[in-house]
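>>> how does the following fold in three dimensions:
(chains A, B, C and D)
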2 protein chains.
Amino acid sequence: MDSGVKKPGVTSSQVARRAGVSQSAVSRTFTPGASISPKTREKVMAAAQELGYRPNAIARSLITNRSRIIAVVMAYLENLFYPDVLEELGRLLVKENYRLLLFTGHMDRDSDPVFDQLMQYRVDGIILASTTLSSHLSEECATAGIPVVLFNRTTERDAVSSVTTRNREGGRRVAEFLLAGGHKRFGYISGVESSSTNRDRFVGYREALVEAGHDDIVVGVGNYDRAEAEAAAREMLSRPDRPDALFVANDHMAVAVMDVARYEFGLSIPEDLSIVGYDDVGAARWTAYGITSMSQPLKRMVEATVNILMSQISSGEIEAEHRILSGELMVRTSARVPKSGVVEIDGRRIYKPGKS
Amino acid sequence: MDSGVKKPGVTSSQVARRAGVSQSAVSRTFTPGASISPKTREKVMAAAQELGYRPNAIARSLITNRSRIIAVVMAYLENLFYPDVLEELGRLLVKENYRLLLFTGHMDRDSDPVFDQLMQYRVDGIILASTTLSSHLSEECATAGIPVVLFNRTTERDAVSSVTTRNREGGRRVAEFLLAGGHKRFGYISGVESSSTNRDRFVGYREALVEAGHDDIVVGVGNYDRAEAEAAAREMLSRPDRPDALFVANDHMAVAVMDVARYEFGLSIPEDLSIVGYDDVGAARWTAYGITSMSQPLKRMVEATVNILMSQISSGEIEAEHRILSGELMVRTSARVPKSGVVEIDGRRIYKPGKS
DNA sequence: AGCATTTTTGCATTCGTATGCAATATGTGT
DNA sequence: ACACATATTGCATACGAATGCAAAAATGCT
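Below is the predicted model of the structure:
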């Protein structure tokens, strides 16, 4: 297979000949800031136009040693949060004149094939936006001298940059909110247990609950997966001591959990059960769910990610940088609302304890 | 800005020197099917391992004139259908040893910047998976000799390949279903009116309704956008002669429409209003919505897309090919169910008229 | 106009790999 | 051991654009 031939494509030399100048002149015409007179530039442009010439980015990359390509590794697009991230990333990267090479799919164990690809294409930077990726991969890339940013995730060894939100504080905030709502029995449906985001959210949640005297949290494992979250919810809601307050590690699962609670157990939300999610994805806002959720400032997160990458690329320094942003607890209808602490800011209701 | 230097990276010559062979030998070692003795291959592999060598895909592309990169242009990831497509595309392209360069964002008028990028990176093929892209772009690429496949969309001039489903038949099927459900007054909330998918769905819907004596369809414009669909739904449901059957051009909008109907107009679904969507996206299956929806066989569509691309790439022929698949009407709870015609196939309920 | 400066230009080389061709090594059959 | 076929190998060149350097042209200044 693979024997086909491709159209040759116009080269700078052809344009040069046509314009009656040297190949260098053509190159300079298309290199911003290069030394070229308006006159020749014009001649070149005309010739280029006629022939339909566009500089070959491959050849350019070869000699400049930059591909102007950023690799984005994203394991699961099913969670609506990530498509949004992807779109925003695309927007910003284009603005910086970079292209986006996408790698999807779960690559838990053998990250090697992906790593090979990344290295082979000499990408200028890598964004790991997935909670289930081996941290091995990131180390390897960093060692190879390619800037890496972990998106919505960190590793213990902080040799590699990351952009996250204050997940621990977020977990606390959720707990405070549910406590203020007068709930008695607390549950948690986790994401992937080893992921930093999940861990931090849970730690914060538990901390605050323990401080308030609740040290018996019912925990189920959802692995950031709908089906597993459903199963965990079924198990949890079947218990005699079923919780009346449930924190689900992300909205993607929270939606599934809500459906189970309502339609399989006939529970009223939030009367019988309060549910709080995380991420504040689009679906959380849909009226049928109206999920009360800790938001992650997606745009600012993406912006920070791109900024870190750009600065590392241009400086050549790949000193790890950790950007930590904060979200807000968006109050909707999936959880009982405390009497105080909820403020309204241009149409959105936010829980800010102490500032009723 | 942009003054940084990148780590040099190991070259085939370095490996060659180390292994005591020529650069050609190294190249041949990494070229499947090339003439190389097991002995030297081994030596080369050892040296490559030690130095951490990986062939430079950029340099390779330059000389082979193939980038092994497929560009995917996708305007709106907000519609859950497309992230799914993207994920599946990623899976199949990796399998074929191709990389996926993603372009997002609306580029209605000036598709030129995108086109430039595509050309500059000498992508081996292009997938246009967006209903709002200028057809101009596809023509241009095809002319440039790059295989193009339109995904879920066609153009009048069929010079460029496409993969679609029988949207017209789908529209008919929806109409038949709603007619069989005994509905009296029919509405339609459209996507982008100029898009082929929207047009075909509507044409089929109307045809079947007109044949049944209903020629007064209430139409609203949703432009495949949630907010616009909501507005259209509000307008439509406020009418004194409000429809009791509503076909929404895709599930992405149908979700929004359902929320408006239920929570703003207090309508019971499907008692007061039946809603049918299109695409059968994940959210349609969520119990809170349970949208009855025409499915599009996503996996087979993606498979066909990749197949067309691969065959065009390897043959060098870019003769347009049109693959048209069929979906099923997935019956759930958002629309009244006819007494007959609904069959159950391994757990899923499907409407197949005439085969009760 | 004459000289010093600055700007523009072309030449030649480089990036890292693939590949046609000729040279060499290996293997076969007698 | 010989002639011959076959499998490997290295040499040299090509891919298309960028860039240091020196030559050439344009400009400024007196």
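>>> residues contacting the worst-scoring helix or strand of chain A on mean pLDDT, please?
Of all helical and strand segments in chain A, the minimum by mean pLDDT, DSSP states H and E falls on helix A:135-143, at a mean of 75. Under the contact criterion C-beta atoms under 8 Å, 6 or more residues apart in numbering or on different chains, helix A:135-143 has outside partners A:73, A:107, A:111, A:114-115, A:118, A:126, A:128, A:148, A:150, A:155-157, A:159-160, A:318, A:320. No exception for glycine: its C-beta is placed from N, CA and C like everyone else's.
>>> in that helix, what's buried?
A:135, A:137-138, A:140-142 (16 or more other C-beta atoms under 10 Å in any protein chain shown).
>>> can you lay out the residues you listed as JSON lines showing distance to A:E328?
Shown next, in JSON lines, are the buried residues of helix A:135-143 (distance: C-beta to C-beta, whole Å):
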{"residue": "A:S135", "distance to A:E328": "29"}
{"residue": "A:L137", "distance to A:E328": "32"}
{"residue": "A:S138", "distance to A:E328": "29"}
{"residue": "A:E140", "distance to A:E328": "36"}
{"residue": "A:C141", "distance to A:E328": "33"}
{"residue": "A:A142", "distance to A:E328": "32"}
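>>> ok now the least confident helix or strand of chain A, how far from the chain's centre?
18 Å (C-alpha atoms, centre = their mean, to the nearest Å).
>>> ok so, going back, tell me which of the buried residues of helix A:135-143 is nearest to chain B?
Minimum distance to chain B across the buried residues of helix A:135-143 is 9.9 Å, recorded for A:E140 (C-beta to the nearest C-beta).
>>> which residues in chain A form helices?
Here chain A has its helices, by DSSP state H, at A:12-19, A:23-29, A:38-51, A:57-64, A:81-95, A:112-120, A:135-143, A:167-180, A:196-211, A:226-238, A:251-259, A:282-285, A:298-315.
>>> which other helices and strands contact the longest one?
Packed against helix A:298-315 by the contact rule (3 or more C-beta pairs under 8 Å, 6 or more residues apart in numbering or on different chains; DSSP states H and E) you find helix A:81-95, strand A:125-128, strand A:148-151, strand A:161-165, strand A:322-325.
>>> next, format those as JSON lines and append mean neighbour count.
Listed next are those as JSON lines, based on neighbours: other C-beta atoms under 10 Å in any protein chain shown:
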{"stretch": "helix A:81-95", "mean neighbour count": "21"}
{"stretch": "strand A:125-128", "mean neighbour count": "26"}
{"stretch": "strand A:148-151", "mean neighbour count": "26"}
{"stretch": "strand A:161-165", "mean neighbour count": "24"}
{"stretch": "strand A:322-325", "mean neighbour count": "15"}
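>>> tabulate those (CSV), appending distance to A:T287 and mean pLDDT.
Shown next, in CSV, are these (distance: least, C-beta to C-beta, whole Å; pLDDT from 0 to 100):
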stretch, distance to A:T287, mean pLDDT
helix A:81-95, 19, 94
strand A:125-128, 33, 93
strand A:148-151, 30, 93
strand A:161-165, 26, 94
strand A:322-325, 28, 95
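>>> and A:R157, how many neighbours does it have?
11 (other C-beta atoms under 10 Å in any protein chain shown).
>>> try A:R18
18.
>>> B:P55 is nearest to which of the helices and strands packed on helix A:298-315?
strand A:125-128 (18.9 Å; C-beta to C-beta).
>>> that closest one vs chain B: in contact?
No: using C-beta under 8 Å from any C-beta of the partner chain, we find that strand A:125-128 stays clear of chain B, coming within 10.4 Å at best.
>>> what of stretch A:150-170?
No: under the criterion of C-beta under 8 Å from any C-beta, stretch A:150-170 makes no contact with chain B; the nearest approach is 15.2 Å.
>>> okay, that stretch in PDB with CA atoms only?
Extracted C-alpha coordinates of stretch A:150-170, given in PDB (Å, rounded to 0.1, in the frame of the first residue of the first chain):
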ATOM      1  CA  LEU A 150       0.000  19.400  33.100                       C
ATOM      2  CA  PHE A 151      -3.500  20.700  32.800                       C
ATOM      3  CA  ASN A 152      -5.800  20.100  35.700                       C
ATOM      4  CA  ARG A 153      -3.400  17.800  37.400                       C
ATOM      5  CA  THR A 154      -0.100  17.700  39.200                       C
ATOM      6  CA  THR A 155       2.500  15.200  40.100                       C
ATOM      7  CA  GLU A 156       4.400  14.700  43.300                       C
ATOM      8  CA  ARG A 157       7.700  15.500  41.700                       C
ATOM      9  CA  ASP A 158       7.200  19.100  40.600                       C
ATOM     10  CA  ALA A 159       9.800  19.100  37.900                       C
ATOM     11  CA  VAL A 160       7.000  19.700  35.400                       C
ATOM     12  CA  SER A 161       4.700  22.700  35.200                       C
ATOM     13  CA  SER A 162       1.100  22.500  35.900                       C
ATOM     14  CA  VAL A 163      -2.100  24.500  35.900                       C
ATOM     15  CA  THR A 164      -4.700  23.600  38.400                       C
ATOM     16  CA  THR A 165      -7.400  25.000  40.600                       C
ATOM     17  CA  ARG A 166      -7.400  24.900  44.400                       C
ATOM     18  CA  ASN A 167      -9.100  21.500  44.600                       C
ATOM     19  CA  ARG A 168      -8.600  21.100  48.200                       C
ATOM     20  CA  GLU A 169     -10.200  24.500  49.000                       C
ATOM     21  CA  GLY A 170     -12.900  23.500  46.500                       C
END
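>>> among the contacts of helix A:135-143, which ones are buried?
For the contacts of helix A:135-143, burial is judged from neighbour counts taken by 16+ other C-beta under 10 Å, and it is met by A:73, A:107, A:111, A:114-115, A:118, A:126, A:128, A:148, A:150, A:155, A:160, A:318, A:320.
>>> thinking again about what came up before, turn the helices and strands packed on helix A:298-315 into CSV, columns for distance to B:G282.
Formatted as CSV, the helices and strands packed on helix A:298-315 follow (distance: least, C-beta to C-beta, whole Å):
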stretch, distance to B:G282
helix A:81-95, 12
strand A:125-128, 24
strand A:148-151, 23
strand A:161-165, 25
strand A:322-325, 28
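>>> any idea which of those gets closest to A:A47?
Closest among those, using C-beta to C-beta: helix A:81-95, at 28.0 Å.
>>> run through who's touching the closest one.
Helix A:81-95 has contacts (C-beta under 8 Å, 6+ apart) with A:70, A:72, A:74, A:76-77, A:99-100, A:102, A:127, A:129-130, A:151-152, A:250-252, A:279, A:281-282, A:296, A:298-299, A:301-303, A:305-306, B:76-78, B:80, B:82-83, B:86, B:102-105, B:113.
>>> and the helices and strands packed on helix A:298-315: which comes nearest B:L325?
Per C-beta to C-beta, nearest to B:L325 of the helices and strands packed on helix A:298-315: helix A:81-95, 23.8 Å.
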